[in-house]
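[1] Starting from these lines, generate the structure:
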Amino acid sequence: MEEFDVRTLYVVTGLIVGCLYGLFAQTTAFCVRRGISDLAEGKGSATLTGWLGALLVALPMTQWMIFDGHLDSSQTVYFPEALSWWTTLIGAIAFGIGMMLTRGCPARLLVLAATGNLRAWFGLLVIGVSGYATFKGLIAEIRVQFQQMNVLELPTESVLLSMEGLEWPLIALATVIIGFFALRHGLNRNLVGGLLIGFLVAGAWSTTSVLGSDDFDPMAPMSLSFVVPVGEAITYLQLASGLEPSFNVTLVLGVLLGSFVSSIVCGEFRLQSFESASDHACYFLGAVLMGVGGILALGCNTGQAITGLATGSMWSILVTTVVFTSGYAMHRQINKSS
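    The predicted structure is shown next:
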């Protein structure tokens, strides 16, 4: 039997992880943004247990992999040696505001798009174009120049592994604290979804770390994040004859396939569109803010608030705090105006 090369295995892994994410997220209605909006509306923290559940699994497993040398954190995007603090904060604020205007982060919009939501398809197109234009396109050089101004140096290792001899007590303490808040509302649908997503985050890190360690074709480990992948998927869709598929491209395809199948089986597939021109405009503005902001902030709700936090990155802690705060404030403002 012919042996697959590393890049092919990455592509297959992305597809499998994406399909499972789409299936889990659609079935359990997993959504980090909704947890923040429910808090802003005074509905309590029950829906936020999905996010906490993902961290409850992903954080200790990822920390173990880094500590053991199974995962090289320096090969991930979450530990830059130096980065502009103000562009990162602006990106995080923009992303937090944008996810409230579009009523979904990129990951959630992918899941909704596969269930027949045309608003989500529009949002994804705008996120992909604006994000990739910022990452590698028209304004990429400007972004790089700004990110080299007023740089801030933060630890280039996990904050939980930075104190020799105290690594496991700190990991255990963080896990217990997360578990306490995650389990306060019992084993609900949100928590189950989060736990499953957490396993996917850690599983993707582990699988790609093994595959990417090939001596002849080494590749950086990958896990769940969705701003750049959406842009890559749109680019590949247009230029497939001159490009090779990647983990990110098949991750996006997999989410769409998994969510679509789940929505059909559960009888939840239905076409939905914009209710008004103002609704359309809000989605456009929010999607642009998420596309540009997600690149400046090095990730989205999933990429930073779950995958990044699981690595123990100080940048991820900073970005997640700002995204959640700005999203909370924006949703409060939207409620006051409506």
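[2] State the pLDDT value of the residue nearest in space to the middle of the chain.
    The chain has residue 302 as the residue nearest its centroid, 2.2 Å off, counting by Cα atoms, centre = their mean. Confidence at residue 302, expressed as pLDDT, is 95.
[3] just residue 335 next, same as before
    Taking residue 335 on its own, its pLDDT is 89.
[4] quick one: contacts for it?
    40-41 (Cβ atoms under 8 Å, 6 or more residues apart in numbering). C-beta: built from backbone N, CA, C; applies to glycine.
[5] buried sites along the host helix or strand of it?
    Secondary structure assignment for residue 335, by DSSP states H and E: helix 314-337. Buried positions in helix 314-337, judged by neighbour count with 16 or more other Cβ atoms under 10 Å: 314-320, 322-324, 326-328, 330-332, 334.
[6] So what would you say the end-to-end distance of stretch 144-159 is?
    Using Cα to Cα, to the nearest Å, the end-to-end distance of stretch 144-159 comes to 26 Å.
[7] ok, and what's touching that stretch?
    63, 66, 73-74, 79-88, 162, 296, 311-315, 317-318.
[8] where are the low-confidence patches of this protein?
    Applying pLDDT under 70 to the chain flags residues 1-3, 338.
[9] Determine how far the helix holding residue 335 lies from the middle of the whole chain.
    When distances are taken as Cα atoms, centre = their mean, to the nearest Å, helix 314-337 is centred 15 Å away from the chain's centroid.
[10] Stretch 293-301 now?
    9 Å.
[11] Also stretch 93-110?
    Distance, centroid of stretch 93-110 to centroid of chain: 11 Å (Cα atoms, centre = their mean).
[12] what are the ranges of the helices in the stretch 51-200 of the chain?
    With DSSP state H, counting those that start in this stretch as the criterion, the stretch 51-200 of the chain has helices at 85-101, 106-113, 118-135, 140-147, 167-182, 189-211.
[13] would you list these in CSV and tack on mean neighbour count?
    Output for the helices of the stretch 51-200 of the chain, formatted as CSV (neighbours: other Cβ atoms under 10 Å):
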stretch, mean neighbour count
helix 85-101, 24
helix 106-113, 28
helix 118-135, 22
helix 140-147, 14
helix 167-182, 16
helix 189-211, 22
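[14] Quick one: closest of the ones you listed to residue 225.
    helix 106-113 (8.7 Å; Cβ to Cβ).
[15] how far off helix 118-135 does the closest one point, in degrees?
    Put simply, helix 106-113 runs at 150 degrees to helix 118-135, going by axes from the mean of the first three to the mean of the last three Cα atoms, to 10 degrees.
[16] could you give the angle of helix 106-113 to helix 85-101?
    Using the same axes, to 10 degrees, helix 106-113 lies at 20 degrees relative to helix 85-101.
[17] Counting by contacts, list what helix 106-113 packs against.
    helix 6-28, helix 32-40, helix 118-135, helix 227-239, helix 247-265 (3 or more Cβ pairs under 8 Å, 6 or more residues apart in numbering; DSSP states H and E).
[18] if we go to 10 Å?
    Contacts defined by 3 or more Cβ pairs under 10 Å, 6 or more residues apart in numbering; DSSP states H and E place helix 106-113 against helix 6-28, helix 32-40, helix 85-101, helix 118-135, helix 227-239, helix 247-265, helix 277-296.
[19] between that helix and helix 247-265, how many degrees?
    40 degrees.
[20] tell me the SS of residue 42?
    coil (DSSP: H, G, I helix; E, B strand; the rest coil).
[21] Can you name the residues that contact it?
    332, 335 (Cβ atoms under 10 Å, 6 or more residues apart in numbering).
[22] going forward, begin numbering at 5 instead of 1
    Okay, using 5 as the starting number, the last item reads as residue 46.
[23] picking that back up, which residue sits closest to the residue nearest to the centre of the chain, ignoring its sequence neighbours?
    Excluding its sequence neighbours, the residue lying closest to residue 306 (Cβ to Cβ, 6 or more residues apart in numbering) is residue 111, at 4.7 Å.
[24] Report the angle between the helix holding residue 339 and helix 36-44.
    50 degrees.
[25] and helix 318-341 with helix 281-300, angle?
    Using the same axes, to 10 degrees: helix 318-341 against helix 281-300 is 170 degrees.
[26] before we move on, the earlier item: among the helices and strands packed on helix 110-117, which is nearest residue 275?
    helix 122-139 (6.6 Å).
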